[in-house]
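[1] Provide a 3D model corresponding to the input given below.
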Amino acid sequence: MKPRIHILSTGGTLGMLRGDPGPLAPSEVAGDVLRYVAGLESEVDLTAEALWNLDSSDMGPEHWSRLAVTIASRLRDVDGVVVLHGTDTMAWTAAALSFALSGLPNPVVLTGAQRPIAWVRTDARQNVVHSVLCAAMPIPEVCVYFGRWLFRGNRVSKTSIESYEAFESPDCPPLIEMGVEVRHIEPARPAGGALRVDARFDSAVAIVPVIPGSDGRSLDAAVAQGLRGVVVQAFGSGNVPQAGWPAAIRRAVDAGLQVVVHSQCLRGHVQLDAYQGGRAALDAGAFGSGAMTLECATVKLMHGLGIGLRGAALRAWYATDLAGEGA
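    Numbering: from 1, shown residues only. Down below sits the predicted model:
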């Protein structure tokens, strides 16, 4: 029996066409993807449906929640799910699904394209074909396929707007390379327990970059705006300027804001006890993001707040590796 794979289309460049005149915009192609991947039926039993047809920059936590519930429902009847998604926020959605869906029995693979599937010169067809084939493998986790790589979904960032290999996984090797041969690189996480869905996310979260010479007053503004969580993009391994920032972090934490310190560097682990600036942030009540990407660090905070965690309970939960995110 051939594997049963279901495609869920959410929009993105893959299903867009250019206006006459005008920019690329969602089109009817998104709901008719199967005709562009003729031949796959020899390998899998393939079905598809369009959930919505959005530029991914318009997707948010409410879409993540609806998508997670839909995926869990479809996985009762198929061996894998492929989600067609715009590239701009694919890493965010993949991270969200990795936390919202625990105990996955089968793969969930997100993919998209840099050029529409209806164009002659496109990366879309290969990405869809290879994503479907990966979704038929025993890889029970949320993944992103792009270029020639299958990545762990919560370990990727989009790093190029012009390359067909638009995603990187800075501190986690790819799971699979789809070249002339299929090369397995990083072992998949084992399946565990029954499938559970908890798709709660708190959107009252912001990212605040540290700029040389700044004093942290942006955190006071975050408190005044009623935010519940902030990811501070610090320098290096988690350093903040010692003039102003530790005091601002303490004021924010005392006011109930949950403060995560991330790095402005693409690679490496946040270690808040490595330098005085990071240690000062730690002593003021912040906690670090470990090896997570910016997207994952932010989404995990949104999820932790969404499920009701605060203070020490949130800190302990956030430091636990839940879905291979590298906490």
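[2] all strands of the stretch 101-250 of the chain, in order?
    Secondary structure of the stretch 101-250 of the chain (DSSP state E, counting those that start in this stretch): strands at 101-102, 108-111, 142-146, 149-152, 157-158, 167-168, 176-178, 182-184, 196-197, 205-209, 229-234.
[3] state the distance from the nearest residue to R115 once chain neighbours are set aside to A113.
    Leaving out its chain neighbours, the residue that sits closest to R115 by C-beta to C-beta, 6 or more residues apart in numbering is T122, at 4.3 Å. To be clear about C-beta, it is placed using only N, CA and C from the backbone, and glycine gets the same treatment. To A113, T122 is 6 Å away according to C-beta to C-beta, to the nearest Å.
[4] higher neighbour count, those two?
    Each of T122 and A113 has its neighbours counted (other C-beta atoms under 10 Å); A113 has more, 26 against 18.
[5] you'd agree that one is up against V33?
    No - the criterion here is C-beta atoms under 8 Å, and A113 misses it with V33 at 10.7 Å.
[6] give me the common contacts of the two.
    L14 (C-beta atoms under 8 Å, 6 or more residues apart in numbering).
[7] would you mind measuring from V109 to P174?
    Distance from V109 to P174, counting by C-beta to C-beta: 13 Å.
[8] again, but for Q276
    36 Å.
[9] can you check G80 too?
    Note on G80: its distance to P174, by C-beta to C-beta, is 18 Å.
[10] more neighbours, the two?
    G80 (29 against 24).
[11] this structure: helices as residue ranges?
    61-74, 90-100, 124-135, 217-224, 245-254, 276-283, 294-306, 311-318 (DSSP state H).
[12] which stretch among those helices comes nearest A38?
    A38 lies closest to helix 124-135 among the helices of the chain, at 9.7 Å (C-beta to C-beta).
[13] before we move on, back to that, looking at the strands of the stretch 101-250 of the chain, which is closest to L84?
    strand 108-111 (6.5 Å).
[14] for the closest one, what is the average pLDDT?
    For strand 108-111, mean pLDDT rounds to 98.
[15] could you export it as PDB, CA atoms only?
    Written as PDB, here are the backbone C-alpha positions of strand 108-111 (Å, rounded to 0.1, in the frame of the first residue of the first chain):
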ATOM      1  CA  VAL A 108       4.400  17.300   9.300                       C
ATOM      2  CA  VAL A 109       6.500  19.000   6.600                       C
ATOM      3  CA  LEU A 110       6.300  22.700   5.800                       C
ATOM      4  CA  THR A 111       7.500  24.000   2.400                       C
END
